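> I would like to see how this sequence folds:
(4 chains)
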Number of protein chains: 2
Amino acid sequence: MTAYDAAQISAAFEELVRLYRRLSPAGGLSATAAATLSSLDRRGPARLTELAVQEGVSQPAMTQLITRLQDAGLAKKAADPADGRVVLVHITDAGRAELSHRRAVRTTRLAALLERLPANDQEALTAALPAVAELSRKAGKASEPERSTA
Amino acid sequence: MTAYDAAQISAAFEELVRLYRRLSPAGGLSATAAATLSSLDRRGPARLTELAVQEGVSQPAMTQLITRLQDAGLAKKAADPADGRVVLVHITDAGRAELSHRRAVRTTRLAALLERLPANDQEALTAALPAVAELSRKAGKASEPERSTA
DNA sequence: TATTGTTATACTCTATAACTATA
DNA sequence: TATAGTTATAGAGTATAACAATA
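Sure, this is the predicted structure:
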């Protein structure tokens, strides 16, 4: 893995993010809102501070974002019985439905593009999936060091 | 390429976009500003309306974004000699330098993660680069961009 | 005292509507 | 009339600072 390879992969990221934005459905949720909701769906309930760090926004911004999600019925706040200062944020069924809808739209649009790729390109993308998962996992560990017993 | 494969690749996109956001330098430019500047760099001068459509924002929003970029010295507006109504937007040397800096930061951070991946994962990512380029090319040829949140 | 979260205030970025200038 | 862009106004989303409540 040379520095050149890293630069190439980084450039490919730029392309993919641009493509992702084009494939994503319009309306409703901001980028941070969608990412936060997705995190609540994948990882389960979380504290406000935790979510703020995760998404790279300030604590007040996350307070307000969660308030908006709650007003929209997509998330809800609950008290932590063990610590009165803590707010635990949960995704709601409506939140899951919204996420699911957005993913379905994106996937449908992406599938239409993938179909038009040569077979070897399709295979290369599929073959890279475990590497992406591992990369994401390592990045997650980097900025959220503890909390893992392993 | 099954529907399941498409869904998996779509999910991997979600992970990559999250990772990209975390790797990107915080200061200065908004996501749209960075994307617009990058487009001006890659594709050359463009009209305001063209840029607005490309980035999925309104025309007034693009007017203001370009004004901000111009105030920051990163882009400049020029008249189109062929049509008095048209404004052609150019990137400046300072704009290119800013882009270059942002890419360097992102690449450095990404390289640190890539180094810690097993060799076969590194190879799978490198092997997927041509497929990403092709995917991006096909998407570019497809219809107009959607408004992008999520 | 330290941690968790909220409130107050201001700034950036965006959209829609109404406008000006050119074709 | 149609097109390219700007100005006016309002709202969403964000940050920093100051605050309240709990540990």
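
> may I ask you to name the longest strand in chain A?
Of all the segments of type strand in chain A, defined by DSSP state E, the longest one is strand A:83-91.

> show residues contacting it.
Contacting residues not belonging to strand A:83-91 are listed as A:37, A:40-41, A:45-48, A:51, A:66, A:74-80, A:99 [C-beta atoms under 8 Å, 6 or more residues apart in numbering or on different chains]. Bear in mind the C-beta positions are built from the backbone N, C-alpha and C, glycine included.

> show me which residues of chain A sit near DNA strand D.
A:29-33, A:56-61, A:64-65, A:68, A:83-85 (C-beta under 7 Å from any atom of the strand).

> what's the average pLDDT for the longest helix anywhere in chain A?
In chain A, assigned by DSSP state H, the helix with the most residues is helix A:119-143. Here helix A:119-143 scores 88 as its mean pLDDT.

> show me the shaky parts of chain A.
Applying pLDDT under 70 to chain A picks out residues A:27, A:141-150.

> now do the strands in it.
A:46-47, A:75-80, A:83-91.

> ranking those by burial, who's on top?
Most buried of those, by mean neighbour count (mean count of other C-beta atoms under 10 Å in any protein chain shown): strand A:46-47, with a mean of 17.

> is that strand in proximity to chain B?
No - no part of strand A:46-47 sits near chain B under the criterion C-beta under 8 Å from any C-beta of the partner chain; the closest distance found is 14.7 Å.

> and that strand, how far from the chain's centre?
15 Å (C-alpha atoms, centre = their mean, to the nearest Å).

> related to what we said a few turns ago, which strands or helices does the longest helix of chain A pack on?
helix B:3-23, helix B:93-114, helix B:119-141 (3 or more C-beta pairs under 8 Å, 6 or more residues apart in numbering or on different chains; DSSP states H and E).

> got these as JSON lines, with mean neighbour count columns?
Putting the helices and strands packed on helix A:119-143 into JSON lines (neighbours: other C-beta atoms under 10 Å in any protein chain shown) gives the following:
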{"stretch": "helix B:3-23", "mean neighbour count": "18"}
{"stretch": "helix B:93-114", "mean neighbour count": "17"}
{"stretch": "helix B:119-141", "mean neighbour count": "17"}
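
> closest to A:Ala124 out of the ones you listed?
helix B:119-141 (4.3 Å; C-beta to C-beta).

> now do the closest one: everything it contacts.
A:1, A:5, A:8-9, A:12, A:15-16, A:18-19, A:22-23, A:113-114, A:116-118, A:120-122, A:124-125, A:127-128, A:130-132, A:134-135, B:114, B:117.

> report the angle between it and helix B:93-114.
Per axes from the mean of the first three to the mean of the last three C-alpha atoms, to 10 degrees, the angle that helix B:119-141 makes with helix B:93-114 is 140 degrees.

> all good on my end, thank you.
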